[in-house]
Structure formats: structure tokens, C-alpha cells
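# pasted the sequence and its predicted model underneath.
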Amino acid sequence: LVLRPEGTASVFRAYIENGMQSDPQPVKLWYYGPFFRYERPQAGRYRQFWQVGFEMLGDEAPVLDAKTILIAYNLLKEIGFKKITVNINSIGCEECMADYKKALAHFLKERTGIVCPDCKKRYKKNILRVLDCKDPKCKQVFSEAPQVLDYLCAPCKGHFKQVLEFLEEVAVPYRLDPFLVRGLDYYNRTVFEIALNDNSLVGGGRYDALSKALKTDDIPAVGFSMGVERAVALMKEKEIKLKLKRKKSVFIIQVGDLAKRKAFKIIEELRQKKINVFEAISKDSMRVQLTKANKLAINIVLIIGQREALNDTVIIKDMKTGKQVTIKQDNIVREIKERFKKS
């Protein structure tokens with residue numbers, strides 16, 4: 001018997017035990033519930049706490065890392081938080097990390113006498129955790145430490161570059177933090193935190209390595225979690241009140257690299273206009289995407305192929321009647337809202 005410390009491993013195990021590998025990938029899951037930590041209680045951090053999390057499993061596409069960050073960022077923005085910061089880094093794969101740990105160990109070996117007692121323990125047990133230290137003296141020491149970005153292999157560099165490009169496509173402001181590593185051992189490649197001033201609200205990243213810990217087939221995954229008590233405390237401090245409203249939905253389909261970029265931007269534009277959008281943006285097959293739209297029983301589907309991407313147009317298809325028209329991308333919001341009024 002154990003009190004669960006977090007939700008990611010439980011969601012991952014549920015994905016495996018319920019045969020979700022055979023479902024269309026990626027599988028998107030969320031959770032909400034009580035968790036427990038063994039540490040000294042402090043403001044906003046309790047022994048028992050509530051957490052909400054979101055996971056995408058079964059696909060390693062960089063666009064999903066960006067999508068996960070965008071979901072977390074938009075969640076905080078829609079709650080009402082302003083001036084939030086996305087801190088992001090890549091810690092690479094197992095091979096990258098092995099090289100980086102050696103370099104960090106060599107750097108720290110000559111400085112163990114000037115770091116705090118906790119960092120001395122972390123040096124022997126889990127050296128990456130020294131980078132999380134909040135002691136001002138340690139932070140000064142580690143500011144001169146090797147940076148993991150300099151040890152990334154070519155595939156990991158390419159993956160991270162695409163993640164940042166997708167974030168830039170939708171104008172999500174981010175700050176590269178070369179010493180951000182996250183606390184859990186199963187993370188690899190993209191890691192991120194979203195903070196309000198010095199208060200971290202959301203943390204997450206890619207955790208393809210978790211499948212090895214559970215001794216199963218390689219299963220790529222990415223996700224985030226948010227502590228509810230800390231978020232609620234900040235909402236009270238900022239006098240933020242939620243306004244919830246159910247929305248009608250559209251599904252967006254893209255085929256081709258340029259179309260994927262256009263679709264990624266349109267999804268965000270529609271979200272900003274309070275239009276609920278479903279997608280399978282990591283997929284390239286129109287058949288797969290149409291199948292998902294049908295399963296979700298969504299009647300309005302937007303289709304962007306290579307021609308539409310080049311011409312700045314989009315096909316709007318009525319899934320009930322099968323009729324479709326081509327319009328300029330600038331007119332999408334108006335057309336969708338008119339169709340919502342009629343439905």
C-alpha cells in the first residue's frame with residue numbers, strides 16, 4: 001500500500017493495462033484528484049494536495065510537445081492569470097544525458113566544499129537535482145556549470161528546434177532555461193515550467209523513458225500537471241473568478257507540412273475567438289483524421305491541404321450533408337459562427 005505522489009505513472013499504467021495502444025494515437029487523457037508528498041508543509045504546499053494533469057501518449061512528434069505547452073499556457077490564461085512565463089529546456093535522450101552527467105560531475109567534484117549539504121547528497125544520488133537547488137550560494141555556483149543544450153545529439157537538437165518553432169508560430173512567449181531539468185527521473189527531451197513571478201504553477205515535459213521503468217514497449221508520451229491549491233491561492237490573491245460556458249465544436253484536418261503549420265496557427269486563432277477545436281495534428285492521413293472527427297460526432301470539419309495552405313484558403317465540410325465550400329482563411333471565424341447560429 002502506498003499513497004500516490006503524482007498521477008503520470010498511474011495514467012501511463014492505465015494506458016497499457018486497458019490496451020489503448022490499439023486506439024488512434026496519440027491518446028489524450030486528463031486526471032484530477034488527491035495526491036501526497038512527504039516533506040515539510042509550507043505556504044501552498046501541503047502533505048495532501050490536489051492536482052490536475054493532462055497527458056498525450058503514443059506519439060513522439062515535436063508538435064505534441066508544443067501543443068501540450070500551449071494547452072497549459074492557455075489554461076492559465078483562461079483562468080485569468082496574466083504575465084505568466086514559459087520556462088523551457090531540453091535534457092535530450094539517454095545518450096545525451098550520460099555525457100552531460102559526466103561533465104556536470106566533473107564540474108561539481110572540485111566544488112563540493114562550497115555547496116549546501118543537500119547538494120552534496122544529490123551529487124551522489126541524483127546529480128541533476130543539484131540544478132534545482134534554491135540556495136543562493138549554490139545557484140551562483142551552478143550558474144557557471146555546463147549547459148545540457150551543448151550536449152544534445154543531432155536528433156534531440158532537431159526535436160527541440162521544432163518545438164520552439166511551433167511555439168513561435170502561435171506567439172507563445174518562452175524563456176530558455178538551460179538549467180531546468182525537472183525533479184523526476186523519467187523525463188527526457190522537452191521539459192518546461194510555467195510560472196507567475198516566482199510561483200511555479202505548471203510543470204511537465206516529455207517522458208518517453210517511463211516505459212522502460214515499467215518494463216514495457218517503448219511508448220512516447222508528454223504531459224503536464226498543476227497543483228490546485230497553489231493556483232487557487234493565487235486566484236484569491238489576484239481576485240480572479242472563473243466563468244465557464246459550454247461550446248460547440250469544429251474539427252480541423254491538415255495534410256502536408258505547410259498545412260500542418262497553417263492548421264496549428266488557425267487552431268490557436270479559433271481558440272482565442274472562443275471556438276472549441278478538436279484535432280489530430282500529429283497525424284498526416286486524412287482518413288485517420290476524418291475517422292476521429294466522425295467518432296467525436298463533430299459536424300463542421302475544416303480541411304487544409306497543400307493547395308489550401310498555399311492559397312490561404314480552407315475547405316469547410318458539413319459532415320451531415322457532405323457539402324463543402326472553399327473560403328479564405330480570414331473568413332473562417334465568421335463562417336463558423338454563422339453555422340453555429342443555424343445549428
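Structure received. This is a predicted model, so every value here is computed, not measured.
# report how many residues lie close to residue 180.
20 (other Cβ atoms under 10 Å). For every residue, glycine as well, the C-beta is placed using N, CA and C.
# same deal with residue 248?
Neighbours of residue 248 (other Cβ under 10 Å): 15.
# is it true that it touches residue 277?
No. Proximity of residue 248 to residue 277 does not meet the contact threshold set by Cβ atoms under 8 Å, at 10.7 Å.
# straight-line length of stretch 140-152, end to end?
Stretch 140-152 stretches 24 Å from its first residue to its last (Cα to Cα, to the nearest Å).
# what comes up buried for it?
By 16 or more other Cβ atoms under 10 Å, the buried positions in stretch 140-152 come out as 141, 142, 145, 146, 148, 149, 151, 152.
# one more: stretch 226-243?
226, 227, 228, 230, 231, 234.
# what is whichever helix or strand the fourth one is part of packed up against?
Pointing back at residue 230 there. Applying DSSP states H and E as the criterion places residue 230 in helix 228-237. If you count contacts as 3 or more Cβ pairs under 8 Å, 6 or more residues apart in numbering; DSSP states H and E, helix 228-237 packs onto strand 48-57, strand 199-206.
# that helix: what's the following helix or strand?
Criterion used, DSSP H and E; the element after helix 228-237 is strand 249-254.
# ok, residues contacting that following strand?
260, 262-263, 266-267, 270, 275-281, 286, 289-290, 292-293, 296, 298, 300-305, 336 (Cβ atoms under 8 Å, 6 or more residues apart in numbering).
# tell me the buried residues in that strand?
Buried residues in strand 249-254 (16+ other Cβ under 10 Å): 250, 251, 252, 253, 254.
# now the phi/psi pair for residue 36, please.
Per-residue torsions, residue 36: phi -140, psi 150 (degrees, to the nearest 10).
# that one reaches residue 50, doesn't it?
No. Counting by Cβ under 8 Å, residue 36 stays clear of residue 50, with 10.8 Å between them.
# give me the distance between residue 21 and residue 10.
17 Å (Cβ to Cβ, to the nearest Å).
# and the strands in the stretch 101-250 of the chain, which stretches?
174-176, 190-196, 199-206, 221-227, 249-254 (DSSP state E, counting those that start in this stretch).
# partner strands of the longest one and their direction?
In other words, strand 199-206. Note on strand 199-206: by DSSP bridges, its sheet partners are strand 190-196 (antiparallel), strand 221-227 (antiparallel).
# now the last one
Here the strand partners of strand 249-254, with direction, are listed using DSSP bridges: strand 276-279 (parallel), strand 300-304 (parallel).
# that older thread, out of the buried residues of stretch 140-152, which is nearest to residue 77?
Nearest to residue 77 among those is residue 149, at 27.5 Å by Cβ to Cβ.
# I figured that closest one hits residue 96, correct?
No. Counting by Cβ under 8 Å, residue 149 stays clear of residue 96, with 9.6 Å between them.
# residue ranges of each domain in the chain, please.
According to automatic domain parsing, the chain comprises the domains 8-83+191-237, 94-149, 249-342.
# so who does residue 328 touch?
312, 313, 314.
# so the first one makes contact with residue 329?
Right, the one you point to is residue 312. Yes. Contact criterion Cβ under 8 Å: residue 312 and residue 329 qualify, at 4.9 Å.
# between these two, which has more neighbouring residues?
residue 329 (18 against 11).
# how near is that one to residue 284?
20 Å.
# what of residue 228?
37 Å.
# tell me which of the buried residues of strand 249-254 is nearest to residue 85?
Of these, the one sitting nearest to residue 85 (Cβ to Cβ) turns out to be residue 252, at 28.4 Å.
# for the residue lying closest to the closest one once chain neighbours are set aside, which residues are in contact?
Ranked by Cβ to Cβ, 6 or more residues apart in numbering and with sequence neighbours excluded, the top spatial neighbour of residue 252 is residue 302, at 4.5 Å. When contacts are counted by Cβ under 8 Å, 6+ apart, residue 302 touches 250, 251, 252, 253, 263, 266, 314, 315, 316, 317, 332.
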